[in-house]
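1. okay, here's the prediction I keep looking at, along with the sequence it came from:
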Amino acid sequence: MWNKQGTNHPTRVQSALGGKGSKVQTVSSRGRLLIISGPSGSGKTSICGELEKDPGVRKSISVTTRPPRPQEQEGRDYYFVSEEEFKKRIERGEFVEYASYSGHLYGTLLEPLEKAIKEGIIYLLEIDVQGAQQVLKKFPEAISIFILPPHEEELAMRIKGRNLQPDLQGRLAIAKEEIKFANKYRYQVVNDTLEKAVEEIRQILGLASSEG
Ligand code: ADP
Ligand code: 5GP
């Protein structure tokens, strides 16, 4: 068990990564960066899928050397590349950040991020804790949210239930390490029910309620 607290409100914490500001950023003509992290199986992808339905929100598509899962599509879920190709892209300076996770490389492309910010879009980065630290150094005004599962047993069930994850034990071990970083994020949201978690994040962003 890592969270015995209620799930009604996201906890506001002064971000050690995100510099001084702990207030929600005001909506401006320039877009905003939203970082979402959390352990594997906490529900990041499901939450981002819901947030993306808002026309003012766009999700960054990462580049990875991990092989695609059965339902995943090139260019929608990730850009799947070889390690050689990934390293070439690092040298060309294409990434805002990149990190190694569970034996594979993952990176965020700079160009689409800059474009979205110019367009006034909320640009959503679903990245790990290492990547979040790198982005917050470059963009300290970014809003950072850590997604927590209600409890450890539920996390294991969600990882298993997803696609018979072969590296379940590995991912659970990483999860326990990642959760130690939760209070470095400006907000923590417990994904008990998906609807509630999404609504909390929409409130943080100042987006209209998705209901009605
Ligand atoms: P992550 O992207 O953090 O690895 P996913 O969004 O892929 O997590 O969710 C992992 C699994 O848990 C999926 O099968 C998803 O449908 C399920 N899931 C996500 N949120 C919830 C929730 N609130 N309650 C129950 N199951 C959930
Ligand atoms: P998965 O293999 O489950 O899709 O993702 C594994 C981890 O990598 C998750 O924590 C996910 O948020 C993270 N991740 C996905 N894309 C990126 C990225 O571009 N950069 C970083 N640093 N992490 C990423």
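-> Arrived safely, thanks for sending. Everything numeric here is computed off the predicted structure, so don't read it as measured data. Ligands and ions are numbered 1, 2, ... in the order given.
2. what parts of this structure come near ligand 2?
-> 40, 44, 62, 66, 97, 99, 101, 106-108, 126-128, 130-131 (CB under 6 Å from any ligand atom). All C-beta spots, glycine's among them, are computed from the backbone N, C-alpha and C.
3. and residue 181, what does it touch?
-> Taking CB atoms under 8 Å, 6 or more residues apart in numbering, we find residue 181 in contact with 37, 129, 132, 146.
4. would you mind measuring from the second one to residue 205?
-> Distance of residue 129 to residue 205, given as CB to CB, to the nearest Å: 21 Å.
5. who has more neighbours out of the two?
-> Neighbours per residue (other CB atoms under 10 Å) separate residue 129 from residue 205, with residue 129 holding more: 24 against 21.
6. mind listing which of the residues of the chain next to ligand 2 are in strands?
-> 62, 97, 99, 101, 106, 107, 108, 126 (DSSP state E).
7. any chance of the residues you listed in TSV, plus distance to ligand 1, pLDDT and neighbour count?
-> Converted to TSV, those look like this (distance: CB to the nearest ligand atom, whole Å; pLDDT from 0 to 100; neighbours: other CB atoms under 10 Å):
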residue	distance to ligand 1	pLDDT	neighbour count
62	12	98	21
97	18	98	22
99	16	98	18
101	11	92	19
106	12	98	23
107	17	98	22
108	16	98	24
126	7	98	23
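8. out of the residues you listed, who's nearest residue 175?
-> Using CB to CB, residue 101 comes nearest to residue 175 of these, at 11.4 Å.
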